[in-house]
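Colleague: build the 3D model from these lines:
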Amino acid sequence: MTNLQLSIIFLFISGLMITTYKDYARKKGWAIGEYFDSDSSILRILGTISFLGSFIAGFFHFKWYFVVIGAVVGWIISLLITNIMKTNSQWISTLLLVIGFVLLVIYFFKS
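Modeller: Residues are numbered from 1 along each chain as shown. The predicted model follows:
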């Protein structure tokens, strides 16, 4: 896998986890961090941009059916990570977001 492919996968999963954690945690009664609770926090905005941006960018770099399958698998993975790690999924999703952006920067500086 190339850095771009890994970056798109990490950004999609982390963006989805960041975007959906607040509502999911409220249903489950889990603690919600300050950056995840506010809809206008920079983390929530970056999560939404990375989630949507990686989904759209996937169509330019992969065949359409890989993107659709990847979106379904990514959604399942993000749901599994959130359910297994519970409140710890907040820092895991932030870490995945940073790793995704670092891999994206590495890809663009190498090419």
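Colleague: and the contacts of the least confident helix or strand in the chain by mean pLDDT?
Modeller: Using mean pLDDT, DSSP states H and E, the weakest-scoring helix or strand in the chain turns out to be helix 34-37, at a mean of 94. For helix 34-37, contacts defined as Cβ atoms under 8 Å, 6 or more residues apart in numbering pick out Ile18, Tyr21, Lys22, Ala25, Ser41, Ile42, Leu43, Arg44, Gln90. Heads up, the C-betas are built off the backbone N, CA and C, glycines and all.
Colleague: most neighbours among the residues you listed, which one?
Modeller: Highest neighbour count within those: Ile18, with 27 neighbours (other Cβ atoms under 10 Å).
Colleague: what mean pLDDT does the strand or helix carrying it have?
Modeller: Assigned by DSSP states H and E, Ile18 belongs to helix 3-28. The average pLDDT within helix 3-28 is 96.
Colleague: chain center to it, what's the gap?
Modeller: 3 Å (Cα atoms, centre = their mean, to the nearest Å).
Colleague: need the nearest residue in space to the residue nearest the centre of the chain, chain neighbours excluded.
Modeller: Closest residue to the average C-alpha location of the chain: Ser14 at 1.9 Å, with Cα atoms, centre = their mean. Leaving aside its chain neighbours, Ser14 sits nearest to Leu96 (3.6 Å; criterion: Cβ to Cβ, 6 or more residues apart in numbering).
Colleague: which element is that neighbour on?
Modeller: Assessed by DSSP H and E, Leu96 sits inside helix 89-110.
Colleague: elements contacting that helix?
Modeller: Counting contacts by 3 or more Cβ pairs under 8 Å, 6 or more residues apart in numbering; DSSP states H and E, helix 89-110 is packed against helix 3-28, helix 42-61, helix 64-85.
Colleague: ok so, going back, next one: the least confident helix or strand of the chain to chain centre, how far?
Modeller: 16 Å.
Colleague: turn the contacts of helix 34-37 into TSV, including distance to Thr82.
Modeller: Below are the contacts of helix 34-37 laid out as TSV (distance: Cβ to Cβ, whole Å):
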residue	distance to Thr82
Ile18	10
Tyr21	7
Lys22	11
Ala25	8
Ser41	18
Ile42	21
Leu43	15
Arg44	15
Gln90	9
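Colleague: perfect, I'm done here.
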